[in-house]
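Asks: turn this into a structure:
(chains A, B, C, D and E)
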Amino acid sequence: MLLDKPIPFIFFFRKIRREALFVFLFACMVVVTKHFLGLRFLTIPIAVPTLIGTCISLLLAFRTNQAYERWWEARIAWGSIVNDSRSFIRQLMLFIPNGPDRDAIIESFVRRQCAWCYVLGDSLRGVDMSQHLREFLPAANARYIMTFDNKPNALLLEHGMAIRQLYDTDQLTDYQMVSLSELLTKLTDSMGRCERIKNTVFPRTYTFNLQVFIYLFAAILPFCFEADLDVLDVLLVTLIASAFILIDKSATQLQDPFENKPTDTPMTTIARTIEINLKTMANVGAVPQKMEAEAYYAL
Amino acid sequence: MLLDKPIPFIFFFRKIRREALFVFLFACMVVVTKHFLGLRFLTIPIAVPTLIGTCISLLLAFRTNQAYERWWEARIAWGSIVNDSRSFIRQLMLFIPNGPDRDAIIESFVRRQCAWCYVLGDSLRGVDMSQHLREFLPAANARYIMTFDNKPNALLLEHGMAIRQLYDTDQLTDYQMVSLSELLTKLTDSMGRCERIKNTVFPRTYTFNLQVFIYLFAAILPFCFEADLDVLDVLLVTLIASAFILIDKSATQLQDPFENKPTDTPMTTIARTIEINLKTMANVGAVPQKMEAEAYYAL
Amino acid sequence: MLLDKPIPFIFFFRKIRREALFVFLFACMVVVTKHFLGLRFLTIPIAVPTLIGTCISLLLAFRTNQAYERWWEARIAWGSIVNDSRSFIRQLMLFIPNGPDRDAIIESFVRRQCAWCYVLGDSLRGVDMSQHLREFLPAANARYIMTFDNKPNALLLEHGMAIRQLYDTDQLTDYQMVSLSELLTKLTDSMGRCERIKNTVFPRTYTFNLQVFIYLFAAILPFCFEADLDVLDVLLVTLIASAFILIDKSATQLQDPFENKPTDTPMTTIARTIEINLKTMANVGAVPQKMEAEAYYAL
Amino acid sequence: MLLDKPIPFIFFFRKIRREALFVFLFACMVVVTKHFLGLRFLTIPIAVPTLIGTCISLLLAFRTNQAYERWWEARIAWGSIVNDSRSFIRQLMLFIPNGPDRDAIIESFVRRQCAWCYVLGDSLRGVDMSQHLREFLPAANARYIMTFDNKPNALLLEHGMAIRQLYDTDQLTDYQMVSLSELLTKLTDSMGRCERIKNTVFPRTYTFNLQVFIYLFAAILPFCFEADLDVLDVLLVTLIASAFILIDKSATQLQDPFENKPTDTPMTTIARTIEINLKTMANVGAVPQKMEAEAYYAL
Amino acid sequence: MLLDKPIPFIFFFRKIRREALFVFLFACMVVVTKHFLGLRFLTIPIAVPTLIGTCISLLLAFRTNQAYERWWEARIAWGSIVNDSRSFIRQLMLFIPNGPDRDAIIESFVRRQCAWCYVLGDSLRGVDMSQHLREFLPAANARYIMTFDNKPNALLLEHGMAIRQLYDTDQLTDYQMVSLSELLTKLTDSMGRCERIKNTVFPRTYTFNLQVFIYLFAAILPFCFEADLDVLDVLLVTLIASAFILIDKSATQLQDPFENKPTDTPMTTIARTIEINLKTMANVGAVPQKMEAEAYYAL
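Replies: Okay, the predicted model is just below:
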């Protein structure tokens, strides 16, 4: 997540470097063709590229909107993870009766829940998960989880098996067990939401349509000026088309929020917040510090 | 689902071939009429087709948006199927007490659930379902399911009857049975969502209105140029109208995501993911490989 | 629901006949006034009607969107009815214990549920309900239901009373009864959604505002052409205004989906699908055929 | 709610009388200033006010949309009240066992629920509530409720206390009590939704921004016409600005649906429908007639 | 929340002071450059800045819409807090059996719930929380809560532990405890929603894109006028760009509703309403007056 701090200009420029250059060369080509083929007499009313521009604007509005929705939904999913993690541990502390191993049981759930949050983030970003597993779980358990294809799902199954054991030893009633199991269902839903956003490619036809329109626009605009200022043509086409492309790129960045990039949903920061909350609630030792933000973004 | 790989140009062009040709011929006809009937003196301000173009753009924005919503809802329904399948099997593993046939019971549920996912996809696409039924179910059971009109619904009923049997033999409490039954209700809802999207034709009046506007646009534009360049008229009308039609076609593709086409929701890939998840969770043998994507899309 | 079949042109034209004629006469009047009152010298920049046109386009986009939302919500409500009907019967089959009258009990629920679906559709369309009641219910019961003001609600109450009787005779546990009662609540919600859409008039101020803008547009446009072609003025105004009105009318049709018209939500077809599903599930005799679609639409 | 009947023209005109006059005077002032200060030579391209007009159109589209959302949400809240009232009484009839005072208990709940519906409407409209309380409740109880700050909330508390008494006298099981209590929670939610809409002022900055743009538009437009027709300037500015203001006012009306005005959510009509439904269900005497609509609207 | 009262003009102007000045200087610079470098002959069609203006308008529409959504979601979260607070206390009054300390127990819950509402508001605004804690809680308890990192979460945990104690002393059944615990889960969700809105920075790329477009607009517009009126150029550019910036700033204000500013969600006012409601319901002494609104806003 980009923070409310100064962002280096290069961050924005790097995104559109290649496309801007490409449009520039394309515009040069069109203008040169027009010049040398003697197509000067050709004048297209300026309303035509304006119309195409309106259409591009509407397509960009659509793109921007849907990309924002994906980004916001990803953030909502992680917000739900925060809420459900807190509720899960609070319900456990409410339900598990007093007994010699009550604290140990709750701590094991807290640790597994923290591990789940970090590992879900790692798994979505496609980075190494074993480190966080080893940090929170006993070594043998961490190795066992690593054998699964979908590690976060395996951790939820572990949660379930631990609840079942509490039920078998009469530390939970029938109804309490099901109520906890339903919170696991909610965590499963949030996980599935993130996976859905991660795995669904934004309809590629729209990216293509947008490009068709932008190049149509770049090809027609030079024929609309009466003046002989070919340099101006090229400049204007490049500037406007680059601005369009910039919006498109911004949407692309937003719509894929689990790519280990500065515009990501700040999953590590959120997981750390959850860790602090849960450990404080259950009075489990070694509460860490809040995450310090990187230069201009938080991961 | 189209993947993030190079897509052959023909894929886009094939969609609009016929319509583009039709608009081209229509534009030629208009220009020829104008030429031979001596309607040259007729000049309509360019603002008129621009206005029509704005209106087309807004209708296209609406189309695009609603088509995207349908596509995204279809994907959400399948995301819910992933989540609820995992939760269903996890709950079963939590609830069913230890006993000699525990593993066999869970395996039968896992197999039926996998069958349900594949068969639901087949049923929505209208392809043969018997193969997937035979793959996961005992032959007699598969034949029995094939006698039903709505096979996926029959499989959910089978799930229900199996749960009832567990309850009758005191392997589930009253409350656990109802909790499982509610997950079946959620699977029924996801199935119903897909069927609703499949069976509801997008309001045809809008397709018609759009065509009315595009042909109005194509009929008026040639009268707005002062120059005598009839070829340019035809070219511009064809290009712009084709671009409009391209957006319309993209929306049409998106809004019907269960047609066994490259732009489909990747139901087979998702069903395979579910199969891998469930079999790993319940430790059922013969876990398959992940689906390999086709050239540029995943089904 | 309009199907994916050829639609007679008259279907679209009939909707706007009167309004198109009215705009035509209005445009003639304006042009004649301009001609005879010597207002020729008056020229208004074309940008003024363009601006009004943009505003009309945005109002139409709003209209179209909200009308679509209503139509889609009506379809979602009926989708929920399909899902909840299936889940209701499945839960009954899961809960009711084996016994001599098990099949008779389930059949009576299936018949009442089918009656409810058909009668809800009839009630929303304002057509005769007694026929469907007699088809599915015993004659005395059908007559009793007909005495109620809100027949579908009375049928849900009957469902409730039948569940209460099962509970009183110990065929349902406390928890199972409440779970079934909650499905009745969901059916009540879907019914209420349809009634809400049926009974809520779309804000009439917007229809009025749109008309104000369209006539303003029609009154200003003739003053924007420099040429003396009054016929062209009239033609263009009529064509463009008619296209606007066509979109408005399409929205109106869509927003009222329970009017016994071709653009209705296909309630009878859906009720038939539910009937087939439920009768197959419960193995109740005389399963009917699927509805055959009418010429170009399904009711 | 405005009905589908002829609406007096004065209804629309009264809304914009003052603003239209104000814009008219403002436009006169601008034109006179231009004339007497010799600013004739000043010509601003017509594209500038067009651009401002586009921006106004988009702001109006936003306003219209959000106002509609509020209006529709208010209607949805009242739709939920209909559904939950029916479900509440049906559940009571299902749960309360046969006994000498069964009918009296149900009748008291029906009467309190009817009172709640009417009183919630009165409270949102800020009109006298004591009349409806006296109509449905015993005099002492009605006086007691009147001592509360929030009367509808007090009635829900009364519902709760009555349920508690049934539970204490063993007429409800633990589970049935909680299920009824959850329906009270849903009624609380609908009430809170209405209160939220009533108490939240639409962001006033947007009203201000819109005015800024409209007056900017009215100030610039007269400088864009080349002709000397100052009267036309004033007329056009007044007409177009009035049309913009009309849309804005329509949105304002829609966004505050609890102001005892013709465009209100028809709460009294809905409460009457609920009264008829509940009294028929529970066979409580003196079922009233349906509300007759006023001239062109229903309250 | 801004109220429906006269708002000082300075409130709006202060927001855009700096940016308006900056655009003014920028426009002067462009015009001076054009004048002295002899770039007079350069004329760009007015359609080019119009197109850029359309694109700015659409980006602003997007901004406005999403900012409104955040603001409205914040208000919805606080609406849920009102509803759930009422339902929580009503359920407690329904569930807790008669006994000597019934009133004391309910009062302690009422006080803690009031504290939670005020403290959540304080915590979101980043102001001192200890005052409200001391007002509602025993001194020792208030100090204990202050040791937690997340105070509102600690209060919910206290709620949970108090419920657990009631369950341990047999004043709540198993089912009632879980039902109360689920209301705590709903309060956790509302709290999490507010925290999510507070902690999520609106995508900064869009702010940047908007600025790029506005400065592109300001740089191109002066080249579109044929007249020699440089002053007019500067004036128009400054006015229009300022209007754009005003909309942008309004969106920014709206999207961050927990900043202790006049445009905030009125959390203190809502918390006071909850306090009045709960204390009246449970008959707890010292019911405060309603909040008096400040000059033109309510906090």
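Asks: going forward, measure contacts between C-alpha atoms and count neighbours the same way
Replies: Fine.
Asks: moving C-terminal of the helix of greatest length in chain A, what's the next helix or strand?
Replies: The longest helix of chain A (DSSP state H) is helix A:47-95. Downstream of helix A:47-95, the next assigned helix or strand under DSSP states H and E is helix A:102-125.
Asks: packing partners of that following helix?
Replies: Under the contact definition 3 or more CA pairs under 8 Å, 6 or more residues apart in numbering or on different chains; DSSP states H and E, helix A:102-125 sits against helix A:47-95, helix A:130-136, helix A:151-168, helix A:174-199, helix A:267-282.
Asks: any chance of JSON lines for these, columns mean neighbour count and mean pLDDT?
Replies: Formatted as JSON lines, the helices and strands packed on helix A:102-125 follow (neighbours: other CA atoms under 10 Å in any protein chain shown; pLDDT from 0 to 100):
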{"stretch": "helix A:47-95", "mean neighbour count": "22", "mean pLDDT": "91"}
{"stretch": "helix A:130-136", "mean neighbour count": "17", "mean pLDDT": "91"}
{"stretch": "helix A:151-168", "mean neighbour count": "19", "mean pLDDT": "93"}
{"stretch": "helix A:174-199", "mean neighbour count": "20", "mean pLDDT": "92"}
{"stretch": "helix A:267-282", "mean neighbour count": "21", "mean pLDDT": "92"}
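Asks: adding distance to chain E, write those out as TSV.
Replies: What follows is the helices and strands packed on helix A:102-125, written out as TSV (distance: least, CA to the nearest CA, whole Å):
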stretch	distance to chain E
helix A:47-95	5
helix A:130-136	22
helix A:151-168	14
helix A:174-199	7
helix A:267-282	7
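Asks: follow-up on the earlier one: does chain B have contacts with the longest helix of chain A?
Replies: Yes - Helix A:47-95 comes into contact with chain B (CA under 8 Å from any CA of the partner chain), by way of A:47, A:48, A:51, A:52, A:54, A:55, A:58, A:59, A:62.
Asks: and if you look at stretch A:179-187?
Replies: Yes - under the criterion of CA under 8 Å from any CA, stretch A:179-187 makes contact with chain B via A:181, A:184, A:185.
Asks: hmm, that stretch in reach of chain D?
Replies: No - contact of stretch A:179-187 with chain D (CA under 8 Å from any CA) is absent, the minimum separation being 14.8 Å.
Asks: and the residue of the stretch 1-150 of chain A nearest chain D?
Replies: residue A:54 (11.4 Å; CA to the nearest CA).
Asks: pretty sure that residue contacts residue B:54?
Replies: Yes - between residue A:54 and residue B:54 a contact is recorded at 7.0 Å, counting by CA atoms under 8 Å.
Asks: of the residues of stretch A:179-187 next to chain B, which is the nearest to chain B?
Replies: residue A:185 (5.7 Å).
Asks: so who does the closest one touch?
Replies: B:83, B:84, B:87 (CA atoms under 8 Å, 6 or more residues apart in numbering or on different chains).
Asks: try residue A:81
Replies: By CA under 8 Å, 6+ apart, residue A:81 lies in contact with A:117, A:187, A:190.
Asks: now the last one. Nearest residue, chain neighbours left out?
Replies: Spatially, and ignoring its direct neighbours in sequence, residue A:190 is nearest to residue A:77 (5.2 Å; CA to CA, 6 or more residues apart in numbering or on different chains).
Asks: ok, now how distant is that neighbour from residue B:292?
Replies: 29 Å (CA to CA, to the nearest Å).
Asks: with residue A:131 instead?
Replies: Taken as CA to CA, the span from residue A:131 to residue B:292 is 29 Å.
Asks: the residue nearest to residue A:204 when sequence neighbours are not counted pairs with what?
Replies: Of all residues not flanking residue A:204 in the chain, residue B:2 sits nearest, at 6.4 Å (CA to CA, 6+ apart). Here residue B:2 sits in beta bridges with residue B:297, going by DSSP bridges.
Asks: tell me, what residue is most central in chain A?
Replies: residue A:257 (1.3 Å; CA atoms, centre = their mean).
Asks: what kind of secondary structure is it in?
Replies: At residue A:257 the chain is in coil, as set by DSSP: H, G, I helix; E, B strand; the rest coil.
Asks: relative to residue A:69, how far out is it?
Replies: 11 Å.
Asks: wait, the residue nearest to the centre of chain A sits on residue A:251?
Replies: No - taking contacts as CA under 8 Å, residue A:257 lies outside contact range of residue A:251: 10.8 Å.
Asks: residues in contact with the closest residue to chain C within the stretch 101-250 of chain A?
Replies: Per CA to the nearest CA, residue A:175 is where the stretch 101-250 of chain A lies closest to chain C, at 11.7 Å. Applying CA under 8 Å, 6+ apart, we find residue A:175 in contact with B:175, E:174, E:175.
Asks: list just the nearest of these to residue D:33.
Replies: For the contacts of residue A:175, the residue nearest residue D:33 by CA to CA is residue E:175; the value is 77.7 Å.
Asks: residues near residue A:141, how many?
Replies: When neighbours are counted by other CA atoms under 10 Å in any protein chain shown, residue A:141 registers 14.
Asks: now do the buried residues in whichever strand or helix holds it.
Replies: Using DSSP H and E, the element containing residue A:141 is helix A:139-146. For helix A:139-146, burial by neighbour count (16 or more other CA atoms under 10 Å in any protein chain shown) applies to A:142, A:145, A:146.
Asks: grab the nearest non-local neighbour of residue A:94.
Replies: residue E:164 (5.5 Å).
Asks: and if you look at residue A:237?
Replies: Closest residue in space to residue A:237, ignoring its immediate chain neighbours: residue A:218 at 5.8 Å, by CA to CA, 6+ apart.
Asks: tell me what the helix or strand harbouring the one you found is packed against?
Replies: Using DSSP H and E, residue A:218 sits in helix A:204-220. Counting by 3+ CA pairs under 8 Å, 6+ apart, the packing neighbours recorded for helix A:204-220 are helix A:9-36, helix A:47-95, helix A:230-255, helix B:230-255.
Asks: which one of the ones you listed lies closest to residue D:43?
Replies: Of the helices and strands packed on helix A:204-220, nearest to residue D:43 by CA to CA is helix A:47-95, at 21.2 Å.
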